[in-house]
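S.K.: Coordinates for the following, if possible.
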Amino acid sequence: MEALRLRHAGGDQTLAAREALRHFDAMDRLARSQIRGFVAQARLTRFPLASLDDHDLVALVRQSIRDGHVVAIEKGGEGGQATDSTAEQRSLVREIEKQTRGRLSFSGRQYRLVADVDLARLPDRNSFEVVGHDDAARVLDGLAKQSGAVGELAKLLETAREKLTAEWRSPFTQPDGLILVRRIIAHAATNPADGLAMTPSQMKDFLAKKKKVVSIAWMAAEAWCSEDAAIEGKTQNYATGESIEVTFQERGGSQHQAMTGRVSSDSFNAHWTVKDILPVKQGGHLAPDLKMDATAAGVTSPKPLAVKFITHLSKVAHVRDRTHFELSLTDSVILIGSDIKYVKGWGGEVVKLRDKAPAGTGGLLDGQLVWPGYRWMKNVGLGKKFWNGTAWQSLPVGFVLADSNNFAVGFYQQGTSFTCQYGGTWPENFTDWSIDTDDKKRIIAAWTNNIETTWTGVFDLKRKECKSSNKRCCRYSTKAAVAFSNQATFSTGMLIIADGNIRSNDSLLFLGESRIAVAAHEFGHHLGNPDEYKDAAVDTSLNSDGATNGIDPDSIMGKNLTKVKARHFREICKVFTDAVTNAFGKSYNYLVVPP
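M.R.: This next block holds a predicted model:
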């Protein structure tokens, strides 16, 4: 409006928006440096200027020029050189005013014709409304008929009709010909039949009341699944309580969602619960985050929200009592690994005779073996004998072998002696054998395959707090990967592989074992699972999913060496939970679920 006042005062020319933008974009650096002061003085925005950079300010001024809130003027107008077209329009207007003595009346309404460039400085401009092209043509035709078909005025009016401007709407387009204006009748409603008309003051009010989202921004830099991400925005001319649709779009991707925010005192906010947003691949692997833009009424947040994912975890080693395995995460797949180090060895047995041993019987391994009350035992012919300290002796009369009083142990060669993995020395020499033959290698390869196929893909881990409806969200498949590696010397915790067959356990495997699933069973011990068969060291608290007082024949840990159950992933779940907490600081809970 200041530019329009100067135009009235100095006779300057108002530029069309397109021309104004061309001049604005051509401004030198010095002129551009004064934009911040201009925006503040012109009050083009209610948003704090400190939060807008120079790029934002330039964009704001350009939009204001397009919207008509800012106009550009240049020296010219009536005192300067008018174009031929303008001169013709002004001459025609003067002749018509001369013929009508300045009074154009039709159907009881007063009209005036003005050249396009003269509209803004029309005296008492706000008392006139612009008449649309079609309605203006109808009025001029009617005036020509009133003046007589052959009169000079009729010809002038017909010429004026031909030079009428096309339809235009300031500030979006500019007139390019004669304009017919009509004096406004106070308090009279506009008749739609009279055509579209709007005064400059009406246009200003219209633009001032146009609903507009000024800005929108995320209140945090990142968020994780099922967390709330807050946005805030500034508005103009929205009423308190009105709703604004906010859309969320993956930057450079296809994932998108929408929600509604509520306006309160020229601002709005919304809390988007992050869910059903999945990680995407970058460079062949799942990325740890993706960028989400927030948009409302065509205005987009200047910075995106980083939606974070747990897609990768470095390898962690878990060792506790009999439990020992490694866990890592790659592309949302949990890798349950174990480098099973072993040495070639031999198998023997120990037996606990308790009070069935005659008084004074020797051979006790107390102080050598880690468990008290045991003696060495072996097969002799069709029966078993125990070592009494000097010789092999038959088992006492009335003694009955059971899983609870005997088990197999492994031995490795140390010089000329054969040492038990749990302490003590075997009382005689074992027969040497080779572990490097093809048939032995095939058995070890079969064990590897059995472990991996038995424990891979049978269960997933799913975050308990995940609010997504997409079942893939916060879900991790599982994969077992083991490798048997032969070692030159034995060390504590190492597996012993023996020829023949007595009875395998998690620290001693016999190549002669006919049940291939024994390998997967013993690996189950590495994962923290107890035996689940009668007379074994069971966990009596297990009473679900087929187990009763810790016994379940139909499981990989039971008598029949069959199914992996959800409970068998308890330790894996715990280790993964702790790894997530340590790596990301998130106290999530995970459930073992079918894939």
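S.K.: give me phi/psi at residue 153?
M.R.: phi -60, psi -40 (degrees, to the nearest 10).
S.K.: Do I have it right that it meets residue 98?
M.R.: No: counting by Cβ atoms under 8 Å, residue 153 stays clear of residue 98, with 9.6 Å between them. (Glycine included, C-beta is placed from N, CA and C.)
S.K.: More neighbours: which of those two?
M.R.: The neighbour count for residue 153 versus residue 98, taken as other Cβ atoms under 10 Å, is higher for residue 153 (17 against 11).
S.K.: any low-confidence regions in this protein?
M.R.: Scanning the chain for pLDDT under 70 picks out the ranges 1-19, 22, 26-33, 46-52, 56, 66-68, 74-83, 147-150, 168-173, 186-208.
S.K.: Tell me where it has helices.
M.R.: Counting by DSSP state H, the segments of the chain that form helices are 2-10, 17-25, 29-32, 35-42, 54-67, 84-100, 133-146, 152-162, 200-208, 438-455, 518-526, 570-584.
S.K.: most tightly surrounded among these?
M.R.: Across these, averaging neighbours per residue (mean count of other Cβ atoms under 10 Å) puts helix 518-526 on top, at a mean of 22.
S.K.: now that one against helix 570-584, angle please.
M.R.: 50 degrees (axes from the mean of the first three to the mean of the last three Cα atoms, to 10 degrees).
S.K.: just the angle between helix 518-526 and helix 438-455, please?
M.R.: Going by the same axes, to 10 degrees, helix 518-526 makes 50 degrees with helix 438-455.
S.K.: how far out from the middle of the chain is helix 518-526?
M.R.: The chain centroid and the centroid of helix 518-526 are separated by 38 Å under Cα atoms, centre = their mean, to the nearest Å.
S.K.: can you pull the alpha-carbon coordinates of it into CSV?
M.R.: Output in CSV follows, covering the C-alpha atoms of helix 518-526 (Å, rounded to 0.1, in the frame of the first residue of the first chain):
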residue,chain,number,x,y,z
VAL,A,518,22.3,-85.2,19.1
ALA,A,519,24.4,-82.4,17.6
ALA,A,520,21.5,-79.9,17.7
HIS,A,521,20.6,-81.2,21.2
GLU,A,522,24.1,-80.5,22.5
PHE,A,523,24.1,-77.1,20.8
GLY,A,524,20.9,-76.4,22.7
HIS,A,525,23.0,-76.7,25.9
HIS,A,526,25.3,-74.1,24.5
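S.K.: Report all helices and strands that it contacts.
M.R.: strand 323-330, helix 438-455, strand 508-510 (3 or more Cβ pairs under 8 Å, 6 or more residues apart in numbering; DSSP states H and E).
S.K.: Switch these over to JSON lines; also include distance to residue 69.
M.R.: Below are the helices and strands packed on helix 518-526 laid out as JSON lines (distance: least, Cβ to Cβ, whole Å):
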{"stretch": "strand 323-330", "distance to residue 69": "54"}
{"stretch": "helix 438-455", "distance to residue 69": "69"}
{"stretch": "strand 508-510", "distance to residue 69": "83"}
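S.K.: closest to residue 578 out of these?
M.R.: Taking Cβ to Cβ, strand 323-330 is the member of the helices and strands packed on helix 518-526 nearest to residue 578, at 9.6 Å.
S.K.: which residues touch the closest one?
M.R.: With Cβ atoms under 8 Å, 6 or more residues apart in numbering as the test, strand 323-330 has contacts from 285, 310-318, 334-339, 476, 493, 525-528, 571-572, 575-576, 579.
S.K.: Note down every partner strand of that strand and its orientation.
M.R.: In the sheet, strand 323-330 lines up against strand 313-320 (antiparallel), strand 333-351 (antiparallel) (DSSP bridges).
S.K.: Could you tell me how many residues sit around residue 360?
M.R.: 6.
S.K.: How much space separates it from residue 512?
M.R.: In this structure, residue 360 and residue 512 are 37 Å apart, going by Cβ to Cβ, to the nearest Å.
S.K.: I figured residue 512 was touching residue 504, is that so?
M.R.: No: using Cβ under 8 Å, residue 512 makes no contact with residue 504, being 9.5 Å away.
S.K.: So which of the two has more stuff around it?
M.R.: residue 504 (22 against 12).
S.K.: domain ranges for the chain?
M.R.: Annotated domains of the chain cover 2-74, 82-200, 212-308, 316-584 [automatic domain parsing].
S.K.: Of all those, which one comes closest to residue 595?
M.R.: That would be domain 316-584 among the domains of the chain, by Cβ to Cβ, at 5.0 Å.
S.K.: sorry, back to before: nearest to residue 350, out of the helices and strands packed on helix 518-526?
M.R.: Judging the helices and strands packed on helix 518-526 by Cβ to Cβ, what sits closest to residue 350 is strand 508-510, at 11.8 Å.
S.K.: Show me what the closest one is packed up against.
M.R.: So strand 508-510, by 3+ Cβ pairs under 8 Å, 6+ apart, packs with strand 333-351, strand 406-414, strand 495-498, helix 518-526.
S.K.: What lies in contact with it?
M.R.: 342, 345, 347, 408-410, 421, 447, 495-504, 518-519, 522.
S.K.: Narrow those residues to just the buried residues.
M.R.: Among these, the ones that count as buried by 16 or more other Cβ atoms under 10 Å are 342, 345, 347, 408-410, 421, 447, 495-499, 502, 504, 518-519, 522.
S.K.: give me the number of residues near the closest residue to residue 549 other than its chain neighbours?
M.R.: The shortest distance from residue 549 to any non-neighbouring residue, by Cβ to Cβ, 6 or more residues apart in numbering, is to residue 540 (4.7 Å). Residues lying near residue 540 (other Cβ under 10 Å) number 11.
S.K.: in the sheet, who's paired with the closest residue to residue 268 other than its chain neighbours?
M.R.: Once flanking residues are discounted, residue 268 sits nearest to residue 261: 4.3 Å by Cβ to Cβ, 6+ apart. Note on residue 261: beta-bridge partners by DSSP bridges are residue 244.
S.K.: Residue 261 touches residue 269, doesn't it?
M.R.: Yes: if you go by Cβ under 8 Å, residue 261 and residue 269 touch, sitting 6.2 Å apart.
S.K.: what about those two, which has more around it?
M.R.: Using other Cβ under 10 Å, the more surrounded residue of residue 261 and residue 269 is residue 261, with 24 against 15.
S.K.: show me what contacts that one?
M.R.: 231, 233, 243-246, 268-270, 296 are the contacts of residue 261 under Cβ under 8 Å, 6+ apart.
S.K.: Pull out the buried members of those.
M.R.: 231, 233, 244, 246, 268, 270, 296.
S.K.: distance of residue 588 from residue 464?
M.R.: For residue 588, the distance to residue 464 - Cβ to Cβ - is 7 Å.
S.K.: of these two, who's got more company?
M.R.: residue 588 (18 against 11).
S.K.: now that one, nearest residue through space, not along the chain?
M.R.: residue 463 (5.3 Å).
S.K.: can you count the residues close to the one you found?
M.R.: Neighbour number of residue 463 under other Cβ under 10 Å is 21.
S.K.: swap in residue 393?
M.R.: By other Cβ under 10 Å, neighbour count at residue 393 equals 18.
S.K.: and if you look at residue 214?
M.R.: Counted with other Cβ under 10 Å, residue 214 comes out at 16.
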